[in-house]
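Asks: What shape does this take:
(one chain, ligands or ions: 2)
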Amino acid sequence: MTERTTSPEGIEEIPLWDPALRLFHWALVVCVVTSWGLGRFGPSIMTLHFYFGYAVIALLTFRLIWGLFGPASARFSHFLYGPGATLRYAAQIPRRAPSYWPGHNPVGALSVFALLAVLTAQAATGLFADPDDFINVGPLADMVSREAALGAASWHYRLSLAVLALVGLHLAAIAFYRLWKGEDLVRPMITGRKAVRRDRQA
Ligand code: HEM
Ligand code: HEM
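Replies: Ligands and ions are numbered 1, 2, ... in the order given. Modelled structure (predicted):
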């Protein structure tokens, strides 16, 4: 991961997203979309929904490990910004110019943390959920009181709406960067390479 291409304007293309992070992202997309679709529109016996839910748990566990011990740009500390930096970045978002940010930018980072947290809560409530239909009981529902298991099912439903909203926001932000700021964030998530401003590199 050392090969760099420099352009005269001080913008250079560097290897930013490592292969494991990219694989994580696209596997998460498949598993979240499938879990969501099966949960809402799938067969009434939700075995397959559970399996995709377990896959999401495995992916989130990997992301936690990668966020603590992975390569620099994947680490949580790399995109954890204070209120000052976040507001400064937010103020210049409307500019019609690419950010050339070397990682998740301070505002995008908020949505990354929100997505990871809401997905964790979504999967966790699923494990304890007992919707009282005598079929689809979460595997850990027996470990908690009946009220808690019913509550988990109701939170599982509410959180599924939050996932929908956050993914919608995520896609809208990516479209905004592409169409308004002229910056393609998707290609770097596929190839790993992104054009960044040299003075902003960590
Ligand atoms: C269920 C749908 C999706 C979920 C749950 C999701 C989740 C995430 C998460 C958690 C990250 C942070 C990556 C990291 O762990 O560091 C991320 C980043 C990203 N996602 Fe998605 N994503 C979804 C769909 C998509 C789709 C369909 C696209 C492409 C059109 C996309 C493009 C991107 C890009 C480009 C980034 C990097 C943004 C940046 O440069 O900061 N995502 N996504
Ligand atoms: C992030 C991953 C997950 C997503 C996106 C998701 C999404 C959903 C959705 C949209 C529903 C339908 C809610 C409704 O219409 O009432 C549902 C139901 C359900 N899910 Fe999940 N789920 C996930 C993970 C899990 C896991 C890991 C389990 C347990 C192993 C689980 C267990 C259940 C159960 C028991 C129901 C039925 C609840 C009811 O009918 O009220 N889910 N899920």
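Asks: Spatially nearest residue to Ala109 (excluding sequence neighbours)?
Replies: Spatial nearest neighbour of Ala109, excluding adjacent residues (CB to CB, 6 or more residues apart in numbering): Phe79 at 4.0 Å. (C-beta placed from N, C-alpha, C; glycine too.)
Asks: Contact partners for that neighbour?
Replies: Counting by CB atoms under 8 Å, 6 or more residues apart in numbering, Phe79 touches Gly103, His104, Asn105, Pro106, Gly108, Ala109, Val112.
Asks: who touches the last one in this structure?
Replies: Listed by CB under 8 Å, 6+ apart, the contact set of Val112 reads Phe79, His104.
Asks: Would you agree it falls within a strand?
Replies: No. Counting by DSSP: H, G, I helix; E, B strand; the rest coil, Val112 is not part of a strand but helix.
Asks: Relative to Tyr157, how far out is it?
Replies: 24 Å (CB to CB, to the nearest Å).
Asks: do the same with the second one
Replies: Noted for His104: a distance of 29 Å to Tyr157, by CB to CB.
Asks: Next: Leu115.
Replies: To Tyr157, Leu115 is 18 Å away according to CB to CB.
Asks: When these two are compared, which one has more neighbours?
Replies: Leu115 (18 against 15; other CB atoms under 10 Å).
Asks: C-terminal to the one helix or strand that one maps to, what's the next element?
Replies: Here Leu115 sits within helix 106-128, counting by DSSP states H and E. Sequence-wise, the next helix or strand downstream of helix 106-128 (DSSP H and E) is helix 146-179.
Asks: do that following helix and ligand 1 meet?
Replies: Yes. Using CB under 6 Å from any ligand atom as the criterion, contacts between helix 146-179 and ligand 1 involve Val167, His170, Leu171, Ile174.
Asks: my guess is the last one meets Glu183, correct?
Replies: Read it as Ile174. No. Using CB atoms under 8 Å, Ile174 makes no contact with Glu183, being 9.6 Å away.
Asks: So for those two, which sits in the more crowded spot?
Replies: A direct count of neighbours by other CB under 10 Å for Ile174 and Glu183 places Glu183 higher, at 19 against 16.
Asks: Tell me the secondary structure at the more buried one.
Replies: coil.
Asks: sec struct for the nearest residue to it once chain neighbours are set aside, please.
Replies: Leaving out its chain neighbours, the residue that sits closest to Glu183 by CB to CB, 6+ apart is Pro98, at 3.6 Å. Judged by three-state DSSP, the three-state class of Pro98 is coil.
Asks: check contacts around Pro98.
Replies: Applying CB under 8 Å, 6+ apart, we find Pro98 in contact with Tyr177, Lys181, Gly182, Glu183, Ala195.
Asks: Perfect, I'm done here.
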